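# coordinates only, sequence not included:
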């Protein structure tokens, strides 16, 4: 039976979840049920679906339709969302939410990253709806930040029948995330409400296009959350913050009445109010977590400690404990909120509107409406709305938020610009080259959020330690409460009190938060400086490097050859040598040839191209200039028609030792031409070393790196010359991409942990093989952004040692935080066991330590 295979891109077949294993499996199962489909497999790379089928049973067109239908059905059924959580004030809260959601039928996966307040959720809409999931989160005492519905306004073209309106509205409303669609037939517009996002613009436009019409986004509204202000505003906006303030007032009144001639019941009443106000959310979360996940978290420990203190008559201490605990959580949440400002600042760089040039007119539209090829006008002081290319005008653009460059960059026609960067003095007309949803800024934000959600090795260690620490301390507390009264007939209350103190100390908050707050702060600071670190694992790895390997071209060097020397001979002038050379090289697209042409133009020379041009591969070129046969190339070529004097040979050899490519220029007559052969001069061309290359390498050496190597495909002579200029220890030259991988493996064997620094294009395999791969100039290349572990958005090589210093500082802060947390915990376990610590002292130390490690981690964000 005949068989054939068709390949489908998962990004197109499953646009909402191209990497979701469950969705891919269900898509394959749906296709397998189609008559004629033999097998469905994923490609080795994982980004494509290989469908083997019988062309006699099912045609390629029907198979394409089947994939589209099945992909749409899977996408509609299995939802993948990223929700922002609020009221989450401890790392253990994240584990509680994960466990509670995992127990719900229909939830495929739930992962909470406490440091960035995000829940990545996958669920089956046929088994559970979104509202039930959110209800479970709220039962636990937390909340979901629901954005107000975004209203999008589309202009419809081609809709000429009133009867078609309900059908189009129904098509749009069937799109997941769309809550309402209403068409004004007379005005030719459609208003669509979506769930707090404008990411559905493209999908809505495609749905309308499939119905035979055109929808173009014209206006919209994006509901933004309140701006981040001071601590008081933060507390008043947070439900727990408001209850903390109420608890503070009640606790203060209870303490004050203790000095007044009033019954003790009055003080107890105020303390009880303080306990209820500060402890309501704590107790609710504890009970819900225990009921749904059988998980003993810090909320349960604190609830038991407060109730126990009240039962033994220690009302003031119970109120103090819950107030301090609630206050500490609020302050901790506020400081963590500040560490997340780096990503928020990047998101807010993107303008909401753009000046679209259409039919010679300027029209204000939503940025989401821009399409590749559109022309937009950017006035002085405005932010560029999308990635594009300047087609008219010149200006200086501040690219610091993207590339980290301190000074504005001059832009002229043909130069690239990035969304979110700030235009300077001139008016620019820009052609859009990337959809706004896939701009460099948008990809940067997505990658940062993904990176912050990854757990660093030290964080995994701390989580494992905390997993055993809390049960162990609870066991000790139970022993202290029960055994001494049983064995010695001692009064029970003092020992119960000691046990309650131990329960407070059993909370691992400070320890668990010690790592993520430092990682998030450091990565946020790096992002502000134009460095994208793909995760805590790479941030930590960079701090323990022993060697660095650099690619040469476009890394240590600029990557644009330039003429460095023009040597005229036999009484000729530089302009004459350049004129003949440029006339020959104007016919060539080779980078070295173009360097000669640029140098001639720099001197105001623009000769006509040579006639009868002939390229001589590997040797040079020949042609007629001013009626004479001229040649440019290596010495061997010119020596075919003339003799190079010894003194000239010395000059040429000196230039070659400096790593420069040398062209010899001369007239070489043929067929009896007159005058005879003549040596005109020599031109040396070289790729220019970046001015910051040597300082960067010196900084790496000062940081203690044992070995710095160059790994390049260039020839050994040129590579050695560059190495001498910048201070490289070892040169590995004439390497193909696969040989660069072998070179990195050799360095790993010799030095242990090695970074590879390159442009992320032809050295991508070597970047992937190194301990840490660092790509330069990633703002302009998708490959570099995707390949590297650390991506420098600009071309400033000094960011490499700066990133290593940041990594080492981060490791130091993490060690400080862990050591401080363990020391204070250990000290209070000892003090509590000896009866020397009180409840309020324990909670003050616990929450105080949490605040200290948080603030210590935040130092990384400030520099």
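Thanks, I have the structure now. No experiment lies behind these values; they were computed from the predicted model shown.

# quick one, what contacts the closest residue to residue 491 other than its chain neighbours?
In this structure, residue 491 finds its nearest non-sequential neighbour in residue 485, 7.2 Å apart by Cβ to Cβ, 6 or more residues apart in numbering. Heads up, the C-betas are built off the backbone N, CA and C, glycines and all. By Cβ atoms under 8 Å, 6 or more residues apart in numbering, residue 485 lies in contact with 491, 492, 495.

# okay, now the first one: neighbour count?
Under the neighbour criterion other Cβ atoms under 10 Å, residue 491 is assigned a count of 10.

# ok, now the last one?
Each residue near residue 495 was counted by other Cβ under 10 Å, and the total is 20.

# please apply the same query to residue 711.
Residues lying near residue 711 (other Cβ under 10 Å) number 28.

# got it, and the one 5 residues further on?
Taking other Cβ under 10 Å as the neighbour definition, residue 716 ends up with a count of 14.

# from residue 509, how far off is residue 859?
Here the criterion is Cβ to Cβ, to the nearest Å. By it, residue 859 lies 19 Å from residue 509.

# ok, now residue 373?
For residue 373, the distance to residue 509 under the criterion Cβ to Cβ works out to 53 Å.

# of residue 859 and residue 509, who's got more company?
Shown here are residue 859 and residue 509; by other Cβ under 10 Å, residue 509 has more neighbours (25 against 14).

# which residues in the stretch 501-650 of the chain form strands?
531-533, 547-550, 557-568, 611-616, 620-625, 628-633 (DSSP state E, counting those that start in this stretch).

# quick check: the gap between the nearest residue to residue 73 once chain neighbours are set aside and residue 7.
Computed as Cβ to Cβ, 6+ apart, the closest residue to residue 73 that is not its neighbour in sequence is residue 30, at 6.8 Å. Using Cβ to Cβ, one obtains 18 Å as the distance from residue 30 to residue 7.

# between these two, which is the more surrounded one?
Relative neighbour count places residue 30 above the other of residue 30 and residue 7, with 18 against 9, counting by other Cβ under 10 Å.

# the more buried one is in contact with residue 74, isn't it?
Yes: with contact taken as Cβ atoms under 8 Å, residue 30 and residue 74 are classed as touching, separated by 6.8 Å.

# what about residue 171, neighbour count?
The criterion is other Cβ under 10 Å. On that basis, residue 171 has 16 neighbouring residues.

# right, and it touches residue 213 too?
No: under the criterion of Cβ under 8 Å, residue 171 lies out of contact with residue 213, with a separation of 10.0 Å.

# buried residues in the helix or strand where the residue nearest to residue 73 lies, which are they?
Assigned by DSSP states H and E, residue 30 belongs to helix 21-32. Of the residues in helix 21-32, those buried under the neighbour-count criterion (16 or more other Cβ atoms under 10 Å) are 23, 24, 26, 27, 28, 30, 31.

# one more: stretch 596-614?
Of the residues in stretch 596-614, those buried under the neighbour-count criterion (16+ other Cβ under 10 Å) are 596, 597, 599, 600, 605, 607, 610, 613.

# the second one reaches residue 582, doesn't it?
Yes: between residue 597 and residue 582 there is a contact under Cβ under 8 Å: 5.1 Å.

# what residues go with each domain of the protein?
Each structural domain of the chain that the record assigns through automatic domain parsing is listed here as a residue range: 1-80, 150-221, 231-342, 351-438, 559-688.

# by mean pLDDT, show me the worst of those.
Per-segment confidence across the domains of the chain bottoms out at domain 150-221, which has a mean of 73 in mean pLDDT.

# which strands or helices does the helix or strand harbouring residue 807 pack on?
Residue 807 is part of helix 799-833 when elements are defined by DSSP H and E. Other elements packing on helix 799-833 under the criterion 3 or more Cβ pairs under 8 Å, 6 or more residues apart in numbering; DSSP states H and E are helix 457-488, helix 492-505, helix 509-528, strand 531-533, helix 536-542, helix 693-702, strand 790-792, helix 839-862.

# can you put these in JSON lines and add distance to residue 82 and mean pLDDT?
What follows is the helices and strands packed on helix 799-833, written out as JSON lines (distance: least, Cβ to Cβ, whole Å; pLDDT from 0 to 100):
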{"stretch": "helix 457-488", "distance to residue 82": "20", "mean pLDDT": "80"}
{"stretch": "helix 492-505", "distance to residue 82": "34", "mean pLDDT": "86"}
{"stretch": "helix 509-528", "distance to residue 82": "16", "mean pLDDT": "81"}
{"stretch": "strand 531-533", "distance to residue 82": "19", "mean pLDDT": "87"}
{"stretch": "helix 536-542", "distance to residue 82": "19", "mean pLDDT": "88"}
{"stretch": "helix 693-702", "distance to residue 82": "37", "mean pLDDT": "94"}
{"stretch": "strand 790-792", "distance to residue 82": "22", "mean pLDDT": "88"}
{"stretch": "helix 839-862", "distance to residue 82": "23", "mean pLDDT": "83"}
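
# need those in TSV with distance to residue 670, can you?
Listed next are the helices and strands packed on helix 799-833 as TSV, based on distance: least, Cβ to Cβ, whole Å:
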stretch	distance to residue 670
helix 457-488	70
helix 492-505	95
helix 509-528	62
strand 531-533	58
helix 536-542	60
helix 693-702	45
strand 790-792	52
helix 839-862	70
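
# just checking, residue 753 touches residue 544?
Yes: under the criterion of Cβ under 8 Å, residue 753 is in contact with residue 544, at a separation of 5.5 Å.

# quick check: neighbours shared by the two?
Counting by Cβ under 8 Å, 6+ apart, residue 753 and residue 544 have no contacts in common.

# circling back: how distant is the helix holding residue 807 from the center of its chain?
Its chain's C-alpha centre and that of helix 799-833 lie 25 Å apart, by Cα atoms, centre = their mean, to the nearest Å.

# pLDDT on it, on average?
The average of the pLDDT scores along helix 799-833 is 90.

# run a quick neighbour tally on residue 588.
Residues near residue 588, counting by other Cβ under 10 Å: 18.

# so what's it up against?
When the contact criterion is Cβ under 8 Å, 6+ apart, the partners of residue 588 are 594, 615, 621.

# try residue 205
With contact set as Cβ under 8 Å, 6+ apart, residue 205 has these partners: 154, 214, 215, 216, 217.

# helix, strand, or coil at the fourth one?
Pointing back at residue 216 there. Per DSSP: H, G, I helix; E, B strand; the rest coil, the local secondary structure of residue 216 is strand.

# no further questions, thank you.
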